[in-house]
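Peer 1: sequence unavailable; structure follows:
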């Protein structure tokens, strides 16, 4: 099953994951809802703290996600990559810069290789479960946050 990732007219912001619409705040730079789930941020508005009823915790100094609800997050030894989110193992491309798989989901990028545009769910599954939707959104969101903070440092 293929799931389309839809972006706004400029191609900057992810607007839909399959049938799940992503709404943005009034300034248009930060997602505020994923389908029916409200997204909540910390007081400074910099870190995503909650998706619907699912709370996200981060490490104190490095700001790495530690838990997503009941799921734990596993990182590489140097904390450069997220290796697992709950039951879903992440797979990266050969350079290790882009997430290519989240559990049974395979992520495909556009021709320039900078933006994910399609996700394939392998096997006999005919719809994206809420757990996989949450994991996919978070991984794509964190990947985009890391890329935008890296470009700000340059």
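Peer 2: Perfect, thanks for sending it. On a predicted model such as this, the values are computed, not experimentally measured, just so you know.

Peer 1: now do the helix or strand harbouring residue 15, average pLDDT.
Peer 2: If you go by DSSP states H and E, residue 15 is part of strand 14-17. For strand 14-17, the mean per-residue pLDDT is 94.

Peer 1: residues making contact with that strand?
Peer 2: The contact list for strand 14-17, computed with CB atoms under 8 Å, 6 or more residues apart in numbering, reads 3-8, 21-22, 31, 34, 119, 128, 133, 136-137, 140, 144. To be clear about C-beta, it is placed using only N, CA and C from the backbone, and glycine gets the same treatment.

Peer 1: so which bits of the helix or strand following that strand are buried?
Peer 2: Remark: after strand 14-17, the chain's next helix or strand is strand 20-24, criterion DSSP H and E. Buried residues in strand 20-24, defined by neighbour count with 16 or more other CB atoms under 10 Å: 20, 22, 24.

Peer 1: packing partners for strand 20-24?
Peer 2: Secondary structure elements in contact with strand 20-24, counted by 3 or more CB pairs under 8 Å, 6 or more residues apart in numbering; DSSP states H and E, are strand 14-17, strand 31-34, helix 130-153.

Peer 1: three-state assignment of the residue of the chain most remote from its centre?
Peer 2: Here the centre of the chain is the reference, and by CA atoms, centre = their mean the most remote residue is residue 124, at 23.5 Å. Judged by DSSP: H, G, I helix; E, B strand; the rest coil, the three-state class of residue 124 is coil.

Peer 1: quick check: chain neighbours aside, which residue is closest to residue 6?
Peer 2: With CB to CB, 6 or more residues apart in numbering as the criterion, residue 6 has its nearest non-adjacent residue at 4.0 Å, and that residue is residue 16.

Peer 1: swap in residue 76?
Peer 2: Spatial nearest neighbour of residue 76, chain neighbours left out: residue 83 (5.8 Å); criterion: CB to CB, 6+ apart.
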